[in-house]
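I need the structure of the sequence given here:
(one chain, ligands or ions: 2)
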Amino acid sequence: MSTTAVLPNQPLHDLDEWDDFLEGRYKEGKSQEEFRVYDATATPGVAEFYRQNHENMTVDYVLAKEKEYFSLNKGQKTVWEAADFLNTLVDDSDPDTDLTQIEHLLQTSEAMRRDGQPRWMILTGFIHDLGKCLCLYGEPQWGVVGDTFPVGCAWSKDIVFPEYFAKNPDRNVPEYQTKYGIYSPNCGIENVHMSFGHDGYIAEVMKPYLRDESLYMLRFHSFYPWHKHGAYDHLCNDKDRSMLEWVLKFNQYDLYSKGHTKPDLAELKPYYDDLFAEFLPPTLAW
Ligand SMILES: [Fe+2]
Ligand SMILES: [Fe+2]
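Ligands and ions are numbered 1, 2, ... in the order given. Here you go, the predicted model:
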């Protein structure tokens, strides 16, 4: 496998460790009590990762990162180039048994394809985690993955490890600690500043080209407090509520399509070439 610069002293062995944590948390049939036990006994790396995320994810940080990345000035890339770029993200996983980032993406999209989901959704499945390349731009793990949540208003108790918000500087800004904070009732979650990460970034890249259902899947796929726990309904409008079913449909594949069979990239490539060409221009601004 190729090697690349990875930030030192990161709490997770790799970004997939967060995905594995989610899968464990939401395994079908687990009771609330079991979730709590699981959370309490989470690997120390995962807990430390959430501590960093919750302590550092402030309104000022989010606004600065949105300014930096949502202007899409990191150059033009095709989807394949972006996927190859993400594949250079190397961690301490075992190259013989673990799947590459592209293989993970293909597992998600191929599971959708097997179920006869619409082509735009299969495309969404393939691209949904391409924003994890933020790590390769030097962003820390806590600024790339993790459950997302609105900033600038009170944190929901349904955000995992809520106790770690105790040391977030926004705790001392009274305006950010009210139910609506800097927002108005039912303003729509598209108008909310979400904690920064790979979700918001890929949604911005794809915004000019894809339908709302797809953009909601991209932008809110890690917004577990909303789509799994029903939190923040007071910020939602009717559009958000009608999009929720698609985000939930997507989540089933995101959480449960991981397996250990390696998808055959060479065999699948022509199908994806056609799929990308159907919805996207040859290159995109990143
Ligand atoms: Fe993701
Ligand atoms: Fe994912």
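
in the helix ranked longest in the chain, what's buried?
What stands out as the longest helix in the chain, according to DSSP state H, is helix 238-256. Across helix 238-256, burial judged by 16 or more other CB atoms under 10 Å covers 240, 243-244, 246-247, 250-251, 253-255. Using the backbone N, CA and C atoms, a C-beta is placed for each residue, glycine as well.

What is the nearest of those residues to residue 86?
When those are ranked by distance to residue 86 (CB to CB), residue 254 comes first, at 15.9 Å.

Setting aside sequence neighbours, what's the nearest residue to the closest one?
residue 221 (5.9 Å; CB to CB, 6 or more residues apart in numbering).

and if you look at residue 194?
Across the structure, with CB to CB, 6+ apart as the measure, the residue nearest residue 194 apart from its sequence neighbours is residue 148 (4.9 Å).

what's the helix or strand for that neighbour?
For residue 148, there is no enclosing helix or strand under DSSP states H and E.

Enumerate every residue touching residue 73.
Residues near residue 73 by CB atoms under 8 Å, 6 or more residues apart in numbering: residue 285.

let's go with 10 Å and repeat that
Residue 73 is in contact with 285-286, counting by CB atoms under 10 Å, 6 or more residues apart in numbering.

got it, and residue 140?
The contact partners of residue 140, by CB under 10 Å, 6+ apart, come to 7, 9-11, 49, 52-53, 56, 134.

Residue 154: which of these is nearest?
residue 53 (17.2 Å).

in which helix or strand would I find the closest one?
Using DSSP H and E, residue 53 falls in helix 44-56.

Surely residue 17 is in contact with residue 45?
Yes. Applying CB atoms under 10 Å, one finds residue 17 in contact with residue 45, separated by 6.6 Å.

Of the two, which one has the most company?
Summary of the neighbour comparison: residue 17 and residue 45, criterion other CB atoms under 10 Å, with residue 17 having more neighbours (19 against 16).
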